[in-house]
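>>> Give the three-dimensional model of this entry:
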Amino acid sequence: MSVVHWVEEEIRSGDLRLGDRLPSANAFRIKFSLSRSSVFLAMKDLCARGIVHPQEAVGYFVKSTYIDVQEKVLLLFNELTSFKEDLYRSFLDELGPDVPVDIVFHHYDRRVFENQLREADGNYTSYVVMPGKFRGLRSLLESLHGKVFLVDHYQDDLRGHFPAVGQDFEQDTYDALVQGLPHLRKYSSIVLLQHHAIEPEERCDGLRRFCGEYGFSSLALPSIQGMSLIPGTLYLTAEDRELVRLIKQARQQNLGIGTGIGILSYNESLLKEVIANGISTLSTDFTQMGRTLAGLIRRQTPGPVPDIRNPWILRLRGSI
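Sure, this is the predicted structure:
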């Protein structure tokens, strides 16, 4: 929690009232492990918004309890895909036209991620970030002058420290395969294709758990490029590039999709509904994720930090 956020929450709860004196800069510095300059930047922001005012040689006092000033939001996404565009559009629709929103991308580059946040610090009231597989971010995120929200994929070391809405990749994979089990019995093995440098490893855990309990063999590969497909195998793919390779290779080997091999693709898109007699998908509901995220920003209240598991949808089509 930042200094600004703490003051806002104290005013909302009634613990800070009109005319009350705020804790000293030194007290804030110790409480939040910040530098004095960071505390004074927070005070500057609160003064600019008319919430507090300084008295020379005395301290800062609550000037107004009206804190519902206009939000300005930064979205820091890893990349823009068709399904993350669904998230973005539903987020904007739910938040409303009165809230300015800027979006930037880090493309899975840790240095770009950190630089973009540092350069944006102090220019927004809320920061919505997709940290993905980056670890050790807590101190950076806590140093931002504004509210921080996590979205989609984040590591356990951040869980419980920031409001979040995301996927449970292990449980979602396991649950969806269990739901689709009657359709999977025609296959003896399941192969997961994903680029492990950027994709969630938790999917592998969910797949292994399912296969161990239900008698399938399993394998995880980064790609099937240059390899032959194995009849009687269900292929799970996280990238559209691999999906194209699967379809091409199945045609080369004269393997029917949904008969000779099966395909289950992560992340729904319009094209998957129509290509190759319909590609089955396991996808989080990105539209709902955007709505839930906007709701967290609009209805931030004191209490336990919300960590919301977004719902998933299994769409069975001709590829299985």
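>>> helix, strand or coil for S218?
The three-state label given to S218 by DSSP: H, G, I helix; E, B strand; the rest coil is strand.
>>> any idea how far the residue nearest to I198 when sequence neighbours are not counted lies from M130?
Once flanking residues are discounted, I198 sits nearest to Y108: 4.9 Å by CB to CB, 6 or more residues apart in numbering. Every C-beta, even on glycine, is put in place using the N, C-alpha and C of the backbone. Per CB to CB, to the nearest Å, Y108 is found 10 Å from M130.
>>> anything in contact with each of these two?
The contact sets of Y108 and M130 overlap at N78 (CB atoms under 8 Å, 6 or more residues apart in numbering).
>>> And the two? Which one has more around it.
Set Y108 next to M130 and count neighbours by other CB atoms under 10 Å: M130 wins out with 22 against 16.
>>> can you give me phi and psi for the more buried one?
Phi and psi for M130, reported as degrees, to the nearest 10, are phi -110, psi 90.
>>> Look up how far E199 lies from it.
Distance, M130 to E199, using CB to CB: 13 Å.
>>> pLDDT score assigned to G19?
Reported pLDDT at G19 in the predicted model: 94.
>>> and E268, what is it in contact with?
F83, T281, S283, I313, R315.
>>> In helices, which of those fall?
Those of those mapping onto helices are F83, per DSSP state H.
>>> of all the contacts of E268, which comes closest to F169?
Distance to F169, by CB to CB, is smallest for S283 among the contacts of E268, at 11.9 Å.
>>> ok, now how distant is the closest one from Y127?
26 Å.
>>> need the contact list for the residue nearest to I198.
Contacts of Y108 by CB under 8 Å, 6+ apart are N78, E79, G132, A197, I198.
>>> what secondary structure does it sit in?
When the rule is three-state DSSP, Y108 gets the label coil.
>>> Got the confidence number for it?
On the pLDDT scale, Y108 gets 95.
>>> Same check on I279?
According to the prediction, I279 has pLDDT 98.
>>> ok, now which residue in this structure is the farthest from the centroid?
The C-alpha centroid of the chain is most remote from A57, which lies 44.0 Å away (CA atoms, centre = their mean).
>>> quick one: which two of the contacts of Y108 are the most distant?
E79 and A197 (13.4 Å).
>>> Could I have the ChimeraX command that selects the buried members from the contacts of E268?
Buried residues within the contacts of E268, by 16 or more other CB atoms under 10 Å, are selected in ChimeraX with:
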select :83,281,283,315
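>>> Could you identify the most distant pair in the contacts of E268?
Checking the contacts of E268 with CB to CB, the most distant pair is F83 and R315, at 12.6 Å.
>>> intersection of neighbour lists for those two?
Contacts common to F83 and R315, judged by CB under 8 Å, 6+ apart, are E268, S283.
>>> Can you tell me the SS state at I263?
strand.
>>> Phi first, then psi, for the closest residue to it other than its chain neighbours.
Spatially, and ignoring its direct neighbours in sequence, I263 is nearest to S319 (4.1 Å; CB to CB, 6+ apart). Main-chain torsions, S319, degrees, to the nearest 10: phi -70, psi -10.
>>> Verify the stated contact: S319 with T259.
No. Between S319 and T259 there is no contact under CB atoms under 8 Å: 10.0 Å.
>>> Looking at those two, which one has more neighbours?
Taking other CB under 10 Å, S319 and T259 do not tie; S319 has more neighbours (25 against 10).
>>> give me the low-pLDDT residue ranges for the stretch 101-250 of the chain?
Across the stretch 101-250 of the chain, nothing is flagged by pLDDT under 70.
>>> can you give me the strands for this protein?
For the chain, applying DSSP state E gives strands covering 52-55, 59-62, 73-77, 101-105, 126-129, 147-152, 164-166, 189-193, 217-221, 233-237, 262-266, 280-284, 307-309, 312-315.
>>> residue contacts, L181?
Y214.
>>> my bad, should have said L314
Per CB under 8 Å, 6+ apart, neighbours of L314: A176, Q179, G180, S280, T281, L282.
>>> Now for the closest residue to L141 other than its chain neighbours, how many residues are close by?
Of all residues not flanking L141 in the chain, V148 sits nearest, at 4.8 Å (CB to CB, 6+ apart). Number of residues near V148 (other CB under 10 Å) recorded here: 24.
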